[in-house]
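Enquirer: could you look at this predicted model? Sequence included:
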2 protein chains.
Amino acid sequence: MRKEKAECEKCVNENCFIKKHIHNAEMKNYIEQKHTILCKKSQQFIIEGAPVHGLYFIYKGKAKIVKTGINGREQIVRLTKNGDAIGFRGFGTSKKYLIGAYAIEESILCNFSTETLMKMLQNIPEITFDLMLFYAEELNKSENNVRKIAHMSVRERVIDTLLYILRKFGQTDGYLNIELSRKEISDFAGTTEEQVIRVISSLKKDALIKAKGKQLGILKVEKLQKEILEHKYLFK
Amino acid sequence: MRKEKAECEKCVNENCFIKKHIHNAEMKNYIEQKHTILCKKSQQFIIEGAPVHGLYFIYKGKAKIVKTGINGREQIVRLTKNGDAIGFRGFGTSKKYLIGAYAIEESILCNFSTETLMKMLQNIPEITFDLMLFYAEELNKSENNVRKIAHMSVRERVIDTLLYILRKFGQTDGYLNIELSRKEISDFAGTTEEQVIRVISSLKKDALIKAKGKQLGILKVEKLQKEILEHKYLFK
DNA sequence: ATAAATTCCTGCGTTTTGACGGATTTTATC
DNA sequence: GATAAAATCCGTCAAAACGCAGGAATTTAT
């Protein structure tokens, strides 16, 4: 699974908060201790239930973060790309943090062990601060997600998911820069594969999106946004 | 709205992470700058959309944290009690953090302004660390909540909510130590008032809970837990 | 290039959920 | 303690969502 080390100095992910503090004198030691991991497509690199081995960063690639359990269904709680952090949800407490992570495409990951990370956080408060802000923002997103799944219809949730993917991964040549199966979209939107298929078919008919197998392209961003926003502020 | 200052030295909330660091020499200055706020029942003290004024702690009382928007419905994202932290979701970024907060019963709150908080976090890294862990745990809970609302039936969600309330607030003399309306329970469980009423009626019939108006008492914890767990690990 | 496997799609019946209306009970206020 | 207001409760109905089954299309492996 390992390969030659991905070098932070040459890394292009400016949003990574290791990269952000690379000029700190102490960082050199910690960076030397990181591991580089090569993941094949759909390979699982964090297993639910097993202790999480520190913090991962995506050097290059894409990954999905999932929770399983209820009725064997899977919930994708987050999609990640270059520079994003994955894993580590606190230590000391005996609680288990049940998340799983899969590479969506071939990806290169950087891993800092819990020990290395702990030292880093103790000695470089700025990183602790950044991590704190990161979790605060993720918490906010997650709470928005709760509301979305609780209040929106299936159609709205699928549209919202497509727009989110567009914002996060972008489009080139008219198609989204990530290939998710209908099942994966449903696992993210909190519904079933069939429903996603139906909504996508319907959106195709209305010429709001186009689809060529797994490749999806958003055609009318504004119209899709409008369909969600309409309901958002409609107080009966 | 203000009253005499709630004194940290005399505070009994050992889970509060201000209290935890009270022996730090610098803390004295920051504690002097905090404001004490008295909230009446159902009074709103954080308004959605308005900038959040730093960090609040519940000195005594209970509060609900909500998000509104979609179809005018309300989603309770968190219930809080003595010692819990509320508010503050990062600064610097121009993003708005849309949360609202209401006192569920008469409550005394401690408020640290963003400025005071910022100084505290810069000068006492241990507090930043604790806040980071706090958000990491809340994120985990929120992600579990996403899965719960996405995968559980209405009945299961209501049972899960009741068991959560039992764990968080406890029971005395056979009744839960918090009074929520059916509407509030539905806002937390992500369903409607009517559904909650039906589930509660049904649970009463089965003698799993008892109800005297708003006062609810859990009678058969194990049976209720079992009803949820059964489905959790049932892979078809 | 071909076979196998996976993914995608559609129709249809069933279940679940949510919305409305109105009666009853509880709670709040003076 | 009387009155008003709010919350609870129940029945009915329609819409939404789901699950299954069978076939088409696409992707992956050999």
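Expert: Received it, and whenever you're ready, just let me know what you need.
Enquirer: how about the strands in chain A?
Expert: Along chain A, counting by DSSP state E, strands occupy A:35-39, A:44-46, A:55-60, A:62-68, A:74-81, A:85-87, A:100-103, A:107-112, A:171-172, A:175-176, A:209-212, A:215-218.
Enquirer: can I get these in JSON lines with mean neighbour count and mean pLDDT?
Expert: To be clear about C-beta, it is placed using only N, CA and C from the backbone, and glycine gets the same treatment. Compiled in JSON lines, the strands of chain A are given as follows (neighbours: other C-beta atoms under 10 Å in any protein chain shown; pLDDT from 0 to 100):
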{"stretch": "strand A:35-39", "mean neighbour count": "19", "mean pLDDT": "91"}
{"stretch": "strand A:44-46", "mean neighbour count": "17", "mean pLDDT": "91"}
{"stretch": "strand A:55-60", "mean neighbour count": "22", "mean pLDDT": "94"}
{"stretch": "strand A:62-68", "mean neighbour count": "22", "mean pLDDT": "92"}
{"stretch": "strand A:74-81", "mean neighbour count": "22", "mean pLDDT": "94"}
{"stretch": "strand A:85-87", "mean neighbour count": "21", "mean pLDDT": "92"}
{"stretch": "strand A:100-103", "mean neighbour count": "21", "mean pLDDT": "93"}
{"stretch": "strand A:107-112", "mean neighbour count": "22", "mean pLDDT": "93"}
{"stretch": "strand A:171-172", "mean neighbour count": "12", "mean pLDDT": "92"}
{"stretch": "strand A:175-176", "mean neighbour count": "18", "mean pLDDT": "94"}
{"stretch": "strand A:209-212", "mean neighbour count": "14", "mean pLDDT": "90"}
{"stretch": "strand A:215-218", "mean neighbour count": "18", "mean pLDDT": "94"}
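Enquirer: turn the ones you listed into CSV, including distance to B:Val12.
Expert: Listed next are the strands of chain A as CSV, based on distance: least, C-beta to C-beta, whole Å:
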stretch, distance to B:Val12
strand A:35-39, 45
strand A:44-46, 39
strand A:55-60, 36
strand A:62-68, 35
strand A:74-81, 36
strand A:85-87, 36
strand A:100-103, 40
strand A:107-112, 38
strand A:171-172, 56
strand A:175-176, 53
strand A:209-212, 57
strand A:215-218, 54
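Enquirer: show me the shaky parts of chain A.
Expert: Across chain A, residues meeting the criterion (pLDDT under 70) sit at A:1-4, A:69, A:91-96, A:230-236.
Enquirer: one step back: which one of the strands of chain A lies closest to B:Gln171?
Expert: Of all those, it is strand A:62-68 that lies closest to B:Gln171, at 29.3 Å by C-beta to C-beta.
Enquirer: now that closest one and strand A:107-112, what's the angle there?
Expert: On the basis of axes from the mean of the first three to the mean of the last three C-alpha atoms, to 10 degrees, strand A:62-68 is oriented at 70 degrees to strand A:107-112.
Enquirer: elements contacting strand A:62-68?
Expert: With contacts defined as 3 or more C-beta pairs under 8 Å, 6 or more residues apart in numbering or on different chains; DSSP states H and E, the packing partners of strand A:62-68 are strand A:74-81, strand A:100-103, helix A:182-189, helix B:125-151.
Enquirer: list of residues touching it?
Expert: Strand A:62-68 has contacts (C-beta atoms under 8 Å, 6 or more residues apart in numbering or on different chains) with A:39, A:45-46, A:48, A:74-81, A:84, A:86, A:98-105, A:107, A:169, A:178, A:184, A:187-188, B:143-144, B:146-147.
Enquirer: quick check: bridge partners of the residue at minimal distance from the centre of chain A?
Expert: Centroid check for chain A by C-alpha atoms, centre = their mean gives A:Leu79 as the closest residue, at 2.1 Å. Beta-bridge pairing for A:Leu79 (DSSP bridges): A:Lys64.
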